[in-house]
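> fold the following, please.
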Amino acid sequence: MKIVYSISVITMLWSVISAQNKMFSTPLSPRIASYQIDVRLDPESRKIVGSEVLTWKNISAEYIPDLRFHLYLNAFKNEQSTFIKESGGRHRYSQLERDGGWGWINVDKIKIRDGIDITDSMRFIQPDNDNTLDETVMQVVLPAAIKPYETVEIEIEFEAKLPQVFARTGYKGDFFLVGQWFPKIGVYERAGDRYATEGQWNCHQYHAHSEFYAAFGVYDVRITVPDEYIVGASGIKISEEKNDDTSVTHHYYCEDIHDFAWTADKDFIVIEDQWQHVKITYLVQPLRAYAAHRQIRALKNALAYCNDWFGPYPYPVITMVDPQFRGLGAGGMEYPTFITVGMFWLFPDWLKLPEEVTVHEFAHNYFYGILASNEFEEAWLDEGMTTYAEMKIMNTFYGTEGGSKFSLFGLEIDNSEYVWYGYQRWPKLDVIYKNSWEYKRGGYGLMSYSKPALMLLTLENYLGQQRMKEVMRTYYERYKFKHPTTLDFTSTVNDVTGQDYGWFFDQILFGSDVLDYKVERIMNKRIPGGYQGIFGDPSSNDTVSVLPEVKTDSMQVYESKVTVAREGEVVFPVEVLVRFYDGSEIKEIWDGKDRFKIFTYKGNQKVVSATVDPDRKIWLDINFLNNGKTLVAKSAVDYKYNLHFLYWTQYLLQLFAIFS
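I've put the predicted structure just below:
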């Protein structure tokens, strides 16, 4: 038994060392901001007390007189924070508990390591608005400026009270999701970085519709909790040490990440799996463990697709967390190597919402995690690209089983159709390229998720799948761990294709005009023997708008005209499929620039139908119902739209039942 125990210990240590070597042999990022954090959770008071040592590098040629920190938990401190004022205390489907549910973070002491105490120089600032009561950004003035290329170490002691689960973080019962929980330094942008014309701190307040932006570094974190709690966190678990006071300290370590989150719950069931080099840990609630295979399968599908389509996942671990039912406000969130998902008890297989959430949150690890764009100012680079990846993954792996969103009794809805449905209701509400907190009410979801995802899918269909794959892989390879911008992406498209796609992005990314092409009219006119004249006035009484379903006389000559119109302001090349009574077809290409285009045909066959964008490549089109006309009535059309109506009615009733 001693030999077996020794072998087990050696094997465990070797696996940890091996994983570290895989992850950390060569730095992948600049490692500007690194943290050593030691924190203790008191479940009764819902407080965490801790200390951190921040190692921060000034990689600029500038003298920096101050440091700026995010104190995100102060968004839940009182009614006066910018977050609460903007959100009204609601986020997604959760409501902040104002009676005892508040949260906050206090910095008790801050000093330069082995140096001067600078606690008295702390003050709250509001770089985005005039809300002087918002305390989510802290400035610390230094006794001496940090010199160019100098590294400083800052010691911080802090205490935080977690809110009842709300907006990605907090507690519910014995469940804790601890996100945005420690004093986190902002990003210092040098002149020439992103859009900075001079050196400046990029450290925004916490807004209702904004997420995060931080510098890469190394995280070495020790989390102490009562011994009955099961813990999961970002990175690799190095050790688990029992203390004399019936508590346990969990040691996690991860390099080349820009944030760290963790969870604790007495009830978690731990399920482990493996995908290639990646160890999967799923922390699931007991009542939902029966469906763990759905979440793990979805995660493996996402890993496989993202590795192939974008590039290799560089970390050896991913942890997936299933929150308590009453703590669903913590579900559907991403952190580096750590995501929260969501599952209801007895959730039906025909509705793929759990898989969709898992796929979406993992894909964030590429755009939020590895590329790490500024979500405050260019949210679409994360949310939009992640939604694009989600649509592709869901349609690839679940479209073969029916609708990748919904499949029941022959009624199938794809994930991309659902995203399109959300966008086309208010397509002109705002523009994509905008600070996330400045969107018009209701615009954040549409303009940072739906429209950019449909923009990318439309671009893919225009370029072709292989060329778009080359674009995305090139973008990922060029800018991983570098905080790319919108300009970086559009430049990548131009470089890979060898063409200037400004005409496309100027309209879609920076404008609010809509795209809508339609078939306006089909006309067939019999030409008397020898007559070769013009068609005449399209509005005249001899225009034939409906023809019986009969086979035409092969000796008769007809002149047929199909009129296609541009209803929206966006100009985009379109295909037009024209079908004749004998089943023959012609596919036309129109540059889409004019307000209308007439295609004329002469021969012994009449035109029976015409369709703009017959393969549905242009997902930005706001009205698919006007894309086609036919001169032969088809009962399938009525059947199709009746089914769509029934689906949406059922779906809305189901949502009402779930959240009521």
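> neighbours of residue 312, how many?
Other residues within reach of residue 312 by the criterion other Cβ atoms under 10 Å amount to 14. To be clear about C-beta, it is placed using only N, CA and C from the backbone, and glycine gets the same treatment.
> hang on, I meant residue 206
With neighbours defined by other Cβ under 10 Å, the count for residue 206 comes to 27.
> next one: residue 218
Other residues near residue 218 number 19, with proximity taken as other Cβ under 10 Å.
> ok, now residue 398?
Other residues within reach of residue 398, judged by other Cβ under 10 Å, total 22.
> any idea how far residue 327 is from it?
Taking Cβ to Cβ, to the nearest Å as the measure, residue 398 falls 27 Å from residue 327.
> swap in residue 182?
With distances taken as Cβ to Cβ, residue 182 is found 21 Å from residue 327.
> same check on residue 313?
Counting by Cβ to Cβ, the gap from residue 313 to residue 327 is 28 Å.
> excluding covalently adjacent residues, which one is nearest to the residue most central in space within the chain?
To find the centre residue of the chain, average its C-alpha atoms and take the closest one (Cα atoms, centre = their mean): that gives residue 383, at 2.9 Å. Take residue 383 and drop its neighbours on the chain: the residue closest to it by Cβ to Cβ, 6 or more residues apart in numbering is residue 448, 4.4 Å away.
> ok, now which ones touch that neighbour?
Residue 448 is in contact with 379, 380, 383, 384, 432, 436, 439, counting by Cβ atoms under 8 Å, 6 or more residues apart in numbering.
> identify the residue nearest the last one in space, chain neighbours excluded?
When the adjacent residues along the chain are set aside, residue 439 lies closest to residue 430, with 5.2 Å between them (Cβ to Cβ, 6+ apart).
> and the one you found, what is it in contact with?
Going by Cβ under 8 Å, 6+ apart, residue 430 touches 439, 440, 443, 446, 447, 512.
> let's verify it: helix, strand, or coil?
Three states are possible here, and by DSSP: H, G, I helix; E, B strand; the rest coil the one that applies to residue 430 is coil.
> check the gap between it and residue 597 for me.
Residue 430 sits 31 Å away from residue 597, taking Cβ to Cβ as the criterion.
> quick one: which of the contacts of residue 430 is nearest residue 482?
Within the contacts of residue 430, distances to residue 482 taken as Cβ to Cβ reach their minimum at residue 447, with 24.5 Å.
> ok, the closest one to residue 457 distance?
Going from residue 447 to residue 457 by Cβ to Cβ gives 16 Å.
> cool, residue 172 as well?
Distance, residue 172 to residue 457, using Cβ to Cβ: 37 Å.
> check residue 508 too.
12 Å.
> just residue 224 next, same as before
When Cβ to Cβ is applied, the distance between residue 224 and residue 457 equals 47 Å.
> please apply the same query to residue 408.
When distance is defined by Cβ to Cβ, residue 408 is 25 Å away from residue 457.
> more neighbours, these two?
Set residue 408 next to residue 457 and count neighbours by other Cβ under 10 Å: residue 457 wins out with 23 against 15.
> my guess is the more buried one meets residue 619, correct?
Yes: with contact taken as Cβ atoms under 8 Å, residue 457 and residue 619 are classed as touching, separated by 4.8 Å.
> find the residues that touch each one of the two.
Listed as contacting both residue 457 and residue 619 by Cβ under 8 Å, 6+ apart are residue 416.
> any stretches of the stretch 151-300 of the chain with poor pLDDT?
Counting by pLDDT under 70, the stretch 151-300 of the chain contains no low-confidence segment.
> ranges for the strands of it?
For the stretch 151-300 of the chain, the strands identified by DSSP state E, counting those that start in this stretch occupy 151-161, 170-172, 175-178, 184-185, 187-189, 200-202, 217-226, 230-233, 236-242, 247-257, 262-265, 269-275, 278-284, in order along the chain.
> got a list of contacts for the last one?
Meaning strand 278-284. Here strand 278-284 has contacts from 19, 230, 232, 263, 265, 268-274, 292, 295-296, 299-300, 303, 313, 315-322, 343, using Cβ under 8 Å, 6+ apart.
> ok, 6 Å please
Taking contacts as Cβ atoms under 6 Å, 6 or more residues apart in numbering, the residues outside strand 278-284 that touch it are 232, 268-269, 271-273, 292, 317-322.
> residue 493 belongs to a strand?
No: with three-state DSSP as the criterion, residue 493 is located in helix rather than a strand.
> residues touching it, list them.
For residue 493, the contacting residues are 471, 501, taking Cβ under 6 Å, 6+ apart as the criterion.
> between residue 313 and residue 327, which is the more surrounded one?
Higher neighbour count among residue 313 and residue 327: residue 327, with 26 against 22, using other Cβ under 10 Å.
> could you check how far the more buried one is from residue 236?
25 Å.
> ok, residue 312 next?
Taken as Cβ to Cβ, the spacing of residue 312 relative to residue 236 amounts to 18 Å.
> returning to that earlier point: among the contacts of residue 448, which ones are in helices?
380, 383, 384 (DSSP state H).
> just give me the closest of those residues to residue 101.
Among the ones in helices among the contacts of residue 448, and counting by Cβ to Cβ, the member closest to residue 101 is residue 383, at 27.0 Å.
> just checking, that closest one touches residue 449?
Yes: in terms of Cβ atoms under 6 Å, residue 383 counts as a neighbour of residue 449; the distance is 4.8 Å.
> where are the low-confidence patches of the stretch 501-650 of the chain?
Looking along the stretch 501-650 of the chain with the criterion set at pLDDT under 70, you get 529-555, 634-650.
> SS state for the residue nearest to residue 504 when sequence neighbours are not counted?
Counting by Cβ to Cβ, 6+ apart, residue 504 lies nearest to residue 459, which is 6.9 Å off, once chain neighbours are set aside. When the structure is reduced to helix, strand and coil (three-state DSSP), residue 459 reads as helix.
> neighbours of residue 459, how many?
Look at residue 459: counted by other Cβ under 10 Å, it has 21 neighbours.
> can you check residue 152 too?
Burial measure for residue 152: 17 neighbouring residues, criterion other Cβ under 10 Å.
> ok, what's across the strand from it?
With beta bridges defined as DSSP bridges, residue 152 has these partners: residue 56.
> from residue 112, how far off is it?
As defined by Cβ to Cβ, residue 152 lies at a distance of 7 Å from residue 112.
> residue 515 now?
Remark: distance between residue 515 and residue 112 (Cβ to Cβ) = 56 Å.
> between the two, which one's more packed in?
When neighbours are counted by other Cβ under 10 Å, residue 515 comes out ahead of the other of residue 515 and residue 112, with 24 against 16.
> quick one: that one and residue 570 touch, right?
Yes: using Cβ under 6 Å, residue 515 is in contact with residue 570, at 3.9 Å.
> which neighbours do the two share?
Joint contacts of residue 515 and residue 570 (Cβ under 6 Å, 6+ apart) do not exist.
> count the residues that sit near the nearest residue to residue 381 once chain neighbours are set aside.
With Cβ to Cβ, 6+ apart as the measure, residue 373 is the residue that lies nearest to residue 381, at 3.8 Å, once sequence neighbours are left out. Residue 373 is flanked by 25 other residues according to other Cβ under 10 Å.
> for the residue nearest to residue 178 when sequence neighbours are not counted, give the beta-bridge partners.
Here the nearest residue to residue 178 in space, its sequence neighbours aside, is residue 262; by Cβ to Cβ, 6+ apart that works out to 5.1 Å. When assigned by DSSP bridges, residue 262 has beta-bridge partners residue 178, residue 233.
> how many residues are close by residue 345?
By the other Cβ under 10 Å criterion, the neighbourhood of residue 345 contains 10 residues.
> SS state for it?
Bear in mind the rule, three-state DSSP; under it residue 345 is coil.
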